[in-house]
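K.L.:
Need a 3D model of the following:
(chains A, B, C, D, E and F)
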Protein chains: 6
Amino acid sequence: MRVDGREKLQLRPIHIETDYLKHPEGSVLITVGDTKVICTASIEDRVPPFMRGSGKGWITAEYSMLPRATEQRNIRESSKGKVSGRTMEIQRLIGRALRAVVNLESIGERTIWIDCDVIQADGGTRTASITGAFIAMTQAFSKLYENKTIKTFPITDYLAATSVGIIKDHGAVLDLNYSEDSQALVDMNVVMTGAGNFVELQGTGEEATFSPNELQQLIETATHGLREIFSIQQKALGPIANHITLTCEE
Amino acid sequence: MRVDGREKLQLRPIHIETDYLKHPEGSVLITVGDTKVICTASIEDRVPPFMRGSGKGWITAEYSMLPRATEQRNIRESSKGKVSGRTMEIQRLIGRALRAVVNLESIGERTIWIDCDVIQADGGTRTASITGAFIAMTQAFSKLYENKTIKTFPITDYLAATSVGIIKDHGAVLDLNYSEDSQALVDMNVVMTGAGNFVELQGTGEEATFSPNELQQLIETATHGLREIFSIQQKALGPIANHITLTCEE
Amino acid sequence: MRVDGREKLQLRPIHIETDYLKHPEGSVLITVGDTKVICTASIEDRVPPFMRGSGKGWITAEYSMLPRATEQRNIRESSKGKVSGRTMEIQRLIGRALRAVVNLESIGERTIWIDCDVIQADGGTRTASITGAFIAMTQAFSKLYENKTIKTFPITDYLAATSVGIIKDHGAVLDLNYSEDSQALVDMNVVMTGAGNFVELQGTGEEATFSPNELQQLIETATHGLREIFSIQQKALGPIANHITLTCEE
Amino acid sequence: MRVDGREKLQLRPIHIETDYLKHPEGSVLITVGDTKVICTASIEDRVPPFMRGSGKGWITAEYSMLPRATEQRNIRESSKGKVSGRTMEIQRLIGRALRAVVNLESIGERTIWIDCDVIQADGGTRTASITGAFIAMTQAFSKLYENKTIKTFPITDYLAATSVGIIKDHGAVLDLNYSEDSQALVDMNVVMTGAGNFVELQGTGEEATFSPNELQQLIETATHGLREIFSIQQKALGPIANHITLTCEE
Amino acid sequence: MRVDGREKLQLRPIHIETDYLKHPEGSVLITVGDTKVICTASIEDRVPPFMRGSGKGWITAEYSMLPRATEQRNIRESSKGKVSGRTMEIQRLIGRALRAVVNLESIGERTIWIDCDVIQADGGTRTASITGAFIAMTQAFSKLYENKTIKTFPITDYLAATSVGIIKDHGAVLDLNYSEDSQALVDMNVVMTGAGNFVELQGTGEEATFSPNELQQLIETATHGLREIFSIQQKALGPIANHITLTCEE
Amino acid sequence: MRVDGREKLQLRPIHIETDYLKHPEGSVLITVGDTKVICTASIEDRVPPFMRGSGKGWITAEYSMLPRATEQRNIRESSKGKVSGRTMEIQRLIGRALRAVVNLESIGERTIWIDCDVIQADGGTRTASITGAFIAMTQAFSKLYENKTIKTFPITDYLAATSVGIIKDHGAVLDLNYSEDSQALVDMNVVMTGAGNFVELQGTGEEATFSPNELQQLIETATHGLREIFSIQQKALGPIANHITLTCEE
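P.N.:
Predicted coordinates for the structure are as follows:
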């Protein structure tokens, strides 16, 4: 049994509260165990300079933690005057992942700003951000689609992420919490589509390595968990889920 | 009748959810109408260099808004690489206000970090931050006091803040929402103690001025609202409120 | 008697040297006791982006201290690479205050840059800056008005500022020098128009509070001092003062 | 046939010039096709604050490109005043990868600074950096080991990296050049040890996804190429290679 | 005749007002034609880290211009968040020049901070800064010497600077004002000691070159002017000048 | 005999490898003793804002050192987030020097970016940069000239730089290496044209001074060395040298 009593293939409880905030076009509060992230999607009617005139849209993400999301208070990146390498890595990952399931042509020259703000952290903040941001983004696109600003629903498939890892005496386990993450020998984040294809796979040995065989187990563990998460996402979306279903069937 | 149907002397609904987060020593989610702020208090066992050896503690505050707390998305200050003048002004105000009701000697050489993160903004974010931060700070001190780390309860009185303003055709009104704030001729923030004394008074004519007579009305309006807020704070504190009552009676 | 021998209601000697520098459209060296500030007004023939097309002008202020304006040398903000919270608060105050007595429509799409550089500091640098900047700005507008670049003289009233405070054993006193300021229990900056209306009122208890009654005394003390300052400003302006008189009479 | 005439499983020519610079403890110029990187290893006799007293060493990496390493000149990060997200991601990857094959205890409280400066870029700069930095680091450790500053040779295995990708009409190919990289559907960087275990696996769909089956092919392709690179590394090391062989046999 | 009516070898009027400010250990307002610079010297009782334990002192300089010292308003370097290359070049020059006439051993582990703040600019601000800073520094050392904090007067000779240049139709001229400077073909700054030796010589062709013969003329012109400036400095110093005379005679 | 066995008037071995990199319009690796600098010239088809519409081109230079170009590793300026005063001084010098031998009208509204990246440092990096950058720039212009983008060859003369200095017991010596430079009493950089005119002359006493007589010797020493360097440059240019010869003869 794991440190919080879970089985190796068991996710922490996931809850997605939609329409969490008043102003953004899409917003959720996603809870994965004790990890809580506010994900919002904002629509801007123009694209960054390098894309102007392309007729295509863009999706960009920012990620941040409240100073006291963690056990020890962190100094704000605004006070330090610069964004850390870790933050940049995460926000690049989130943006890249979401772009993989969006038809950028069909959204026109618009930018979707994704903001993932972690208000409480207990491991898996980047994967929770991707899973939650997908819902916020879908809501924002639904508004554009329902008021006929865009003609085709631009999302081509579900998208979610989870972490897996190898822990001493346990082997491959699903959805690491902070305590597990800090002692994992290998840590892997998997971003997958509803159809079961990979969007991003980042496996890292923490002063350790992993064999091809262990890689196989990690991937199977992640795939198992992600199937469950897709079903939670579908429920959270409610009727909007139909837009995605229709797109996938085409 | 005001834009949201309130009377001139009527506050928006205020709700204070205590113990909102897992990690901080004190934390609340304060809701004032559509304004929502997460306030946390973190205890650090040392003071900034300029106070070392003084035997006294320090209270410092940081304030921030999520990018999409507002109608239009704001660029993160961490992305801009610097903190705006407005943010600095607000965090200096919050820290100064809280220090006015704390006996810094009795907390020893500790720093209390107050973080006020606005997750949804509809006017009055700085006054809501002060009102909420007071609760978070009181909770944090209670923990120190109850586990006997400090001997005297360091809070000397209640502290809350509200805004008042002069609006065309309405005169002095209490607790401005964003829409009222943007068209106010005069805007005043009042920070007051439970005993009815001023800690901070900041009145500003927005390309307008105000007479001594109008000043008098603004102050009476604020005082009226603050009395009500003190009572909401007392309820939110629950049994901890007794520590303050005892201190005040001494 | 106060530390420098003044009465409670007595200002320090104020001297305003006009046309102090060769290049700016308006410039003064204002001396208030040992506090010396160079205030200049520069005219730029365009406004910031957020005001373009509005037909209105803008007034913005910057404030700085020479490193050795003070008893201890301060590190330059350019060396630190960022402007402190205190500086930002002051320059926002100066700009806001000046805008309150200027008809921004009548100056057209121009920006007035106010620079207040403290070359010697002994308390009251922000209030001296406002009092001096008003003169520099008035001179700059006179040039525009006299060469008929603008048709209406844009200043609607006099503007000056002073500080008042509550000092142990003295109560409310006028125009605090540095030594008084550092031990004041309450410190208040008052910005007022010639007509006796408030533009800005910022009262702060320094780890102390003040009662409604004390507020009243502070305001009366400030009003007394400001009347005297308006008369000093009028003399400093010389014939240009007539433009303001005419505007006020309208 | 690929754009430069290679087979799918064919590496570009790799050349490693050792002892390239005079000052560093280890330095190479690694050439992979038209990609050229100067990799140096510098030894500092202390560790960062968070590791002091641990008795362990640390390895940290920095990565940069000369402005004209690329087809279009890039603005220097020193001129921009900040390091890009891409740069941070790469230098974190290099450091993490190298640490996986070093016994940090046996180097004592020392920091190894790895600098990878790309002087000419044609794709695969991060993987060439890892492959070259491993040699520079090994040289630096050899000096410590040969002059008996450290008792155990700290490197536990070979380490190298390469990229693989899926290209339209070609499927999985080895060691992408810049032209291939810009049109790849999937791009994967693989860092592996001499024993054939993974240290890092980063696969990314570029507005595309990849199936479990394709993942399998990519991994086989990378493994094929890495075996060849280990042999090139061994030759470049010359007699120093024996230290690693001995360590591995233990 | 030159643009302002001077002869080729004629300096602009120079005036040095000593004890200009209240707080610094040494301070002057130096006026050279329309160029006005406030120079202060501040004593700090420690040296920068790289000199600790050396038993020697250090002299460092900072240079800045008020935004409206010039015809067009300049953006403050504190607002831009960085110091320009020109400013850095000038402050390095001032510090280096002053150190050349100070016996750093005899001042002990102290730092002398020189601040040169240009309040009005009309060419030659860096040379006026050096000439004025020498006086401010000498005053500061006199205080240390007279109160017996230091035993030997540390200044070994006079130090002053001027500019010379080659102007079309005039050839080599002394002490260029801004208008001359902007059209000079060659511009040279000369820093010299009272004994007639060079401390610094910086000659620059502005999209032009100068022959060995012209170099000779420029040097003679500068030497002529500097002799006159030494005599102005001596008068400005008053009785303190004796300390230098005594030192030089030794 | 000098520390490395050279005569007083003897240069270190100089080698210039042309077409060193693939992408830039001009690029060299210049070696002066143990000092090695990669100099590139990049052509951009526009000029900075302050020159737009002038019909003239611009030349700007950047200079940097690899962290381990030196005996001790230096922190990257990109990591520090700012460029040092020394770096700025050098890059301003390089740009100014090169502009002196280029007819900016004949290159049209183009910017030539010069990048000098020191990969190994042993004194004289700034002068080696100028000498090498002249070759890289000439190559870049030749391409423009040969493909008839520009009609007149824009280089008006050769340009090279060297350092001279006064060393205890040796007097004036040519081309100082790092060890000599650190103990030189006087250090002078001389930038000269093929015709023997000065472009830049920067002599500095390092806590020392130099007499007019010593200045004379330094200049003669530098002139001697520069004649030799011009001949090395001519050989390195090969047939391109003819363009310069023709220009000079006109």
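K.L.:
When you work out contacts or count neighbours from here on, use the C-alpha atoms and nothing else.
P.N.:
Noted.
K.L.:
Report how many residues lie close to whatever residue of chain A ends up closest to chain C.
P.N.:
Using Cα to the nearest Cα, the single residue of chain A nearest to chain C is residue A:81, 9.5 Å away. Neighbourhood size, residue A:81 [other Cα atoms under 10 Å in any protein chain shown]: 16.
K.L.:
I figured it hits residue C:80, correct?
P.N.:
No - the criterion here is Cα atoms under 8 Å, and residue A:81 misses it with residue C:80 at 12.0 Å.
K.L.:
mind checking pLDDT for residue A:250?
P.N.:
On the pLDDT scale, residue A:250 is placed at 64.
K.L.:
Quick one: name the residues of chain A near chain B.
P.N.:
Residues of chain A lying near chain B by Cα under 8 Å from any Cα of the partner chain: A:21-24, A:40, A:42, A:66-73, A:76-83, A:115, A:117, A:120.
K.L.:
got the contact list for the residue most central in space within chain A?
P.N.:
Centroid check for chain A by Cα atoms, centre = their mean gives residue A:130 as the closest residue, at 0.8 Å. Counting by Cα atoms under 8 Å, 6 or more residues apart in numbering or on different chains, residue A:130 makes contact with A:94, A:97-98, A:159-161.
K.L.:
ok, of those residues, which one's closest to chain F?
P.N.:
Nearest to chain F among the contacts of residue A:130: residue A:94, at 25.1 Å, using Cα to the nearest Cα.
K.L.:
backbone phi and psi for that closest one, please?
P.N.:
Main-chain dihedrals, residue A:94, degrees, to the nearest 10: phi -60, psi -50.
K.L.:
For it, give me the pLDDT.
P.N.:
For residue A:94, the pLDDT comes out at 98.
K.L.:
so how far is residue A:116 from it?
P.N.:
9 Å (Cα to Cα, to the nearest Å).
K.L.:
which neighbours do these two share?
P.N.:
Common neighbours of residue A:94 and residue A:116, counting by Cα under 8 Å, 6+ apart, are A:61, A:129.
K.L.:
Get me the contact residues on chain A for chain D.
P.N.:
By the rule Cα under 8 Å from any Cα, the part of chain A lying against chain D is A:82, A:85-86, A:88-89, A:92, A:96, A:99-101, A:196-212.
K.L.:
Of these, keep whichever come out buried.
P.N.:
Buried members of these, counted by 16 or more other Cα atoms under 10 Å in any protein chain shown: A:82, A:85, A:88-89, A:92, A:96, A:99-101, A:196-210.
K.L.:
pLDDT on stretch A:19-33, on average?
P.N.:
97.
K.L.:
so how far is it from its chain's centroid?
P.N.:
Offset of stretch A:19-33 from its chain centre (Cα atoms, centre = their mean, to the nearest Å): 13 Å.
K.L.:
same thing with stretch A:45-56?
P.N.:
Relative to its chain's centre, stretch A:45-56 lies at 24 Å (Cα atoms, centre = their mean).
K.L.:
Okay, now the unreliable bits of chain A?
P.N.:
Scanning chain A for pLDDT under 70 picks out A:250.
K.L.:
Helices of that one, start to end?
P.N.:
Along chain A, counting by DSSP state H, helices occupy A:77-80, A:85-99, A:125-146, A:178-183, A:212-237, A:241-249.
K.L.:
and residue D:7, which of those is closest to it?
P.N.:
Closest to residue D:7 of those, according to Cα to Cα: helix A:212-237, at 24.8 Å.
K.L.:
leaving aside the residues next to it on the chain, what's closest to the residue of chain A positioned farthest from its centre?
P.N.:
Distance from the C-alpha centroid of chain A, by Cα atoms, centre = their mean, peaks at residue A:53 (29.2 Å). Excluding the flanking residues, the one nearest residue A:53 by Cα to Cα, 6 or more residues apart in numbering or on different chains is residue A:109, at 7.9 Å.
K.L.:
ok, the one you found to chain E distance?
P.N.:
32 Å (Cα to the nearest Cα, to the nearest Å).
K.L.:
Also residue A:154?
P.N.:
Residue A:154 sits 42 Å away from chain E, going by Cα to the nearest Cα.
K.L.:
And residue A:27, by the same measure?
P.N.:
35 Å.
K.L.:
pretty sure that residue is touching residue A:37, no?
P.N.:
No - using Cα under 8 Å as the test, residue A:27 is too far from residue A:37 to be in contact (10.4 Å).
K.L.:
contacting residues for the one residue in chain A that gets nearest to chain F?
P.N.:
In chain A, no residue comes nearer to chain F than residue A:82, which is 9.6 Å away by Cα to the nearest Cα. Residues in contact with residue A:82, defined by Cα under 8 Å, 6+ apart, are B:78-79, B:81, D:82.
K.L.:
from those, which two are the most distant?
P.N.:
Checking the contacts of residue A:82 with Cα to Cα, the most distant pair is B:78 and D:82, at 12.4 Å.
K.L.:
rewinding a little: could you export the contacts of residue A:82 as TSV, including distance to residue D:182?
P.N.:
Putting the contacts of residue A:82 into TSV (distance: Cα to Cα, whole Å) gives the following:
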residue	distance to residue D:182
B:78	31
B:79	28
B:81	31
D:82	25
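K.L.:
Closest to chain E out of these?
P.N.:
Lowest distance from chain E to the contacts of residue A:82 (Cα to the nearest Cα) belongs to residue B:81, with 10.2 Å.
K.L.:
if I look at residue A:131, how far off is chain D?
P.N.:
Applying Cα to the nearest Cα, the value for residue A:131 to chain D is 17 Å.
K.L.:
likewise residue A:119?
P.N.:
Distance, residue A:119 to chain D, by Cα to the nearest Cα: 23 Å.
K.L.:
Just give me the neighbour total for that residue.
P.N.:
Residue A:119: 22 neighbours (other Cα under 10 Å).
K.L.:
re earlier: can you give me every residue that contacts the residue of chain A closest to chain C?
P.N.:
B:78, B:80-83.
K.L.:
Tell me how far it lies from residue D:51.
P.N.:
Taking Cα to Cα, one finds residue A:81 at 25 Å from residue D:51.
K.L.:
And residue A:2, by the same measure?
P.N.:
Distance, residue A:2 to residue D:51, by Cα to Cα: 29 Å.
K.L.:
bridging residues for residue A:27?
P.N.:
residue A:40 (DSSP bridges).
K.L.:
Who are the contact partners of it?
P.N.:
A:18-21, A:38-41, A:135-137, A:139.
K.L.:
So what's the residue count around residue A:234?
P.N.:
Residue A:234 has 17 neighbours, counted by other Cα under 10 Å.
K.L.:
I'd say it and residue A:241 touch.
P.N.:
Yes - the criterion here is Cα under 8 Å, and residue A:234 meets it with residue A:241 at 5.8 Å.
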